[in-house]
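*Asks:* Build me a structure from this.
(4 chains)
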Protein chains: 4
Amino acid sequence: MTPVLTVEEIEDFLAREFPQINAGGRVFTCVSVAPGTATLRLHPDESHLRPGGTVSGPALFALADVAAYVALLAHIGPVPLALTTQLNINFLNRADPVPLDGVCRILKLGRSLAMLEVSVERADTRQLIAHATTTYSIPPAKNDAVK
Amino acid sequence: MTPVLTVEEIEDFLAREFPQINAGGRVFTCVSVAPGTATLRLHPDESHLRPGGTVSGPALFALADVAAYVALLAHIGPVPLALTTQLNINFLNRADPVPLDGVCRILKLGRSLAMLEVSVERADTRQLIAHATTTYSIPPAKNDAVK
Amino acid sequence: MTPVLTVEEIEDFLAREFPQINAGGRVFTCVSVAPGTATLRLHPDESHLRPGGTVSGPALFALADVAAYVALLAHIGPVPLALTTQLNINFLNRADPVPLDGVCRILKLGRSLAMLEVSVERADTRQLIAHATTTYSIPPAKNDAVK
Amino acid sequence: MTPVLTVEEIEDFLAREFPQINAGGRVFTCVSVAPGTATLRLHPDESHLRPGGTVSGPALFALADVAAYVALLAHIGPVPLALTTQLNINFLNRADPVPLDGVCRILKLGRSLAMLEVSVERADTRQLIAHATTTYSIPPAKNDAVK
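*Replies:* Predicted structure coming up:
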């Protein structure tokens, strides 16, 4: 599995296709791309917190989901129509409001389905905060191009 | 399984403990409570949409998660510290920006764990949009009170 | 969603394609088929039990998985190559060694993917024993036939 | 996370508490134990195969489930009553009838809940065949002993 997009190309694609992701500032940044993997960082702001000041479940879900999407498109090229069909997430440790990395590993890249795993970790201590697995559906038109 | 809170008491609890849920207006409303079940409605605004105008994955996740929380506390009383430990969600149909109901059924209500199922449906046509199952951890202090 | 196979046709198909399912006697029987749903019954024998005499996790998994497969083929016709791509199961209550029903509801029947939900219940008391959701991949050749 | 049982002690425990696991010969063997991880090997026999000669879904489920159980008890000591409450499994590649390793990593070891991840891999080529995450409930009596 060789990436076909660079970190820069991914950030350009996200800015163009999903401007609302970073509407309130640079909330998500792509940290790295490598064969079979990609890492997305969430810089939490007020809107990601729940009472008590921890990062909310929906924000952790979004980080895992977008990290998987980024890893997928880094390997198959820009496919705006790839869709999450299923996501399972385990919440493991309290998510303090610090930068969090969604480290995604592609488990399988098929013609019409991709399965991916995401570890959500503190960027500073690498403590595991959440863990997700997800299935993405890849639209047929793109399939043909991918082979 | 008999509810111990009314719809009004649930809305008061949410307003008190989770003011940010409805910070931008009445986004979530509790529709009904009955033995073993509760329904929460999401009235999507701009912040819940993604490009193309459909309701985003994180917003559907939040609806499922909060619906489960509401069903749980309706049956065990106000427990701010109940925590989602795991959530699995399937995305089934395009989520148009109309009111969506999270219809939650309690599968099991144990001393320290609860398992719940949520159907996310259009409030108008009842079309199924997403389906989730989730596990909540119930803090020990409350356990004792619950029996 | 209208079934295209009857209970008898399903049992014939299983006997022909999956003889090992009932190798040790009539372990699985198809109880009913109706629009969007099907029910499969497990009659547990010694091989399905674990110490203590309860039905084992793998046996409950198999019941959920085969119930989903039966519901799927009841609606798209005999497709030996449909494959489980993902299954999430919650274990809710002790599974005594009595007949158990896997009551399957089709959540979505797409061209290449189907999502299904299975409640595993005691056939006598209808107590809920386990709950599963699963994704099946439908092979392309069959897709075309199904439209 | 330091293991408290050796490979030998785990095999003794399984033989004593779960004799049926290896009733038909040495089906499951514990390969290794290390901090936060353990590996269990399935040597498939006829009973684990489905038509076409691949290892069946229930057999892969059992490998993932028992591997998680082994990793858990390796770290908390022999607890016959630890129970699987939830398991999510993705099926990734065809499972040929060769020895398969369930490589388990403990994601979180709490007082009453443990979360674990299992990669099911061919023992020869390390190809990934399936991937599971699971939640185990730890009985209270043991909790106290554990700290």
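*Asks:* Contact residues of chain A facing chain D?
*Replies:* For chain A, the contact set with chain D under C-beta under 8 Å from any C-beta of the partner chain comprises A:88, A:90, A:92, A:93, A:107, A:108, A:115, A:117, A:128, A:131, A:133, A:135. For every residue, glycine as well, the C-beta is placed using N, CA and C.
*Asks:* helix, strand or coil for the closest residue to residue A:49 other than its chain neighbours?
*Replies:* Computed as C-beta to C-beta, 6 or more residues apart in numbering or on different chains, the closest residue to residue A:49 that is not its neighbour in sequence is residue A:97, at 5.9 Å. Secondary structure assignment for residue A:97 (DSSP: H, G, I helix; E, B strand; the rest coil): coil.
*Asks:* For residue A:97, which residues are in contact?
*Replies:* A:44, A:48, A:49, A:53, A:54, A:55 (C-beta atoms under 8 Å, 6 or more residues apart in numbering or on different chains).
*Asks:* Near the nearest residue to residue A:18 once chain neighbours are set aside, how many other residues are there?
*Replies:* Nearest-residue entry for residue A:18: residue B:51, 6.2 Å, with adjacent residues in sequence omitted and distances by C-beta to C-beta, 6+ apart. Residues lying near residue B:51 (other C-beta atoms under 10 Å in any protein chain shown) number 13.
*Asks:* go on, residue A:89?
*Replies:* For residue A:89, the neighbour count with other C-beta under 10 Å is 27.
*Asks:* ok, it to chain B distance?
*Replies:* Per C-beta to the nearest C-beta, to the nearest Å, residue A:89 is found 6 Å from chain B.
*Asks:* follow-up on the earlier one: hmm, which of the contacts of residue A:97 are the buried ones?
*Replies:* Neighbour-count burial (16 or more other C-beta atoms under 10 Å in any protein chain shown) is assigned, among the contacts of residue A:97, to A:44, A:48, A:49, A:54, A:55.
*Asks:* now those residues in a markdown table, with pLDDT and secondary structure?
*Replies:* Output for these, formatted as a markdown table (pLDDT from 0 to 100; DSSP: H, G, I helix; E, B strand; the rest coil):
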| residue | pLDDT | secondary structure |
| --- | --- | --- |
| A:44 | 95 | coil |
| A:48 | 89 | helix |
| A:49 | 88 | strand |
| A:54 | 94 | coil |
| A:55 | 96 | strand |
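*Asks:* Which of those residues sits closest to residue A:81?
*Replies:* Of all these, residue A:48 has the smallest distance to residue A:81: 26.6 Å, by C-beta to C-beta.
*Asks:* how about the residue nearest to that closest one when sequence neighbours are not counted, what does it touch?
*Replies:* Nearest residue to residue A:48 in three dimensions, chain neighbours excluded: residue A:59, at 3.8 Å (C-beta to C-beta, 6+ apart). Residue A:59 makes contact with A:42, A:44, A:48, A:49, B:58, according to C-beta under 8 Å, 6+ apart.
*Asks:* model confidence over the helix or strand that contains residue A:59, on average?
*Replies:* Residue A:59 is part of helix A:57-76 when elements are defined by DSSP states H and E. Here helix A:57-76 scores 96 as its mean pLDDT.
*Asks:* Okay, angle between it and helix B:57-76 too, please.
*Replies:* Helix A:57-76 and helix B:57-76 are oriented at 150 degrees to each other (axes from the mean of the first three to the mean of the last three C-alpha atoms, to 10 degrees).
*Asks:* Dump helix A:57-76 to PDB, keeping only the CA atoms.
*Replies:* Only the C-alpha atoms of helix A:57-76 are listed here, as PDB (Å, rounded to 0.1, in the frame of the first residue of the first chain):
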ATOM      1  CA  GLY A  57     -17.600  11.800  22.600                       C
ATOM      2  CA  PRO A  58     -18.800  13.300  19.300                       C
ATOM      3  CA  ALA A  59     -15.400  15.100  18.900                       C
ATOM      4  CA  LEU A  60     -13.500  11.900  19.500                       C
ATOM      5  CA  PHE A  61     -15.800  10.100  17.000                       C
ATOM      6  CA  ALA A  62     -15.100  12.900  14.500                       C
ATOM      7  CA  LEU A  63     -11.400  12.600  15.000                       C
ATOM      8  CA  ALA A  64     -11.500   8.800  14.400                       C
ATOM      9  CA  ASP A  65     -13.800   9.100  11.400                       C
ATOM     10  CA  VAL A  66     -11.900  11.900   9.700                       C
ATOM     11  CA  ALA A  67      -8.500  10.200  10.400                       C
ATOM     12  CA  ALA A  68      -9.800   7.100   8.700                       C
ATOM     13  CA  TYR A  69     -11.100   9.100   5.800                       C
ATOM     14  CA  VAL A  70      -7.700  10.800   5.400                       C
ATOM     15  CA  ALA A  71      -5.800   7.500   5.500                       C
ATOM     16  CA  LEU A  72      -8.200   6.100   2.900                       C
ATOM     17  CA  LEU A  73      -7.900   9.000   0.400                       C
ATOM     18  CA  ALA A  74      -4.100   9.200   1.000                       C
ATOM     19  CA  HIS A  75      -4.000   5.700  -0.600                       C
ATOM     20  CA  ILE A  76      -6.800   5.800  -3.200                       C
END
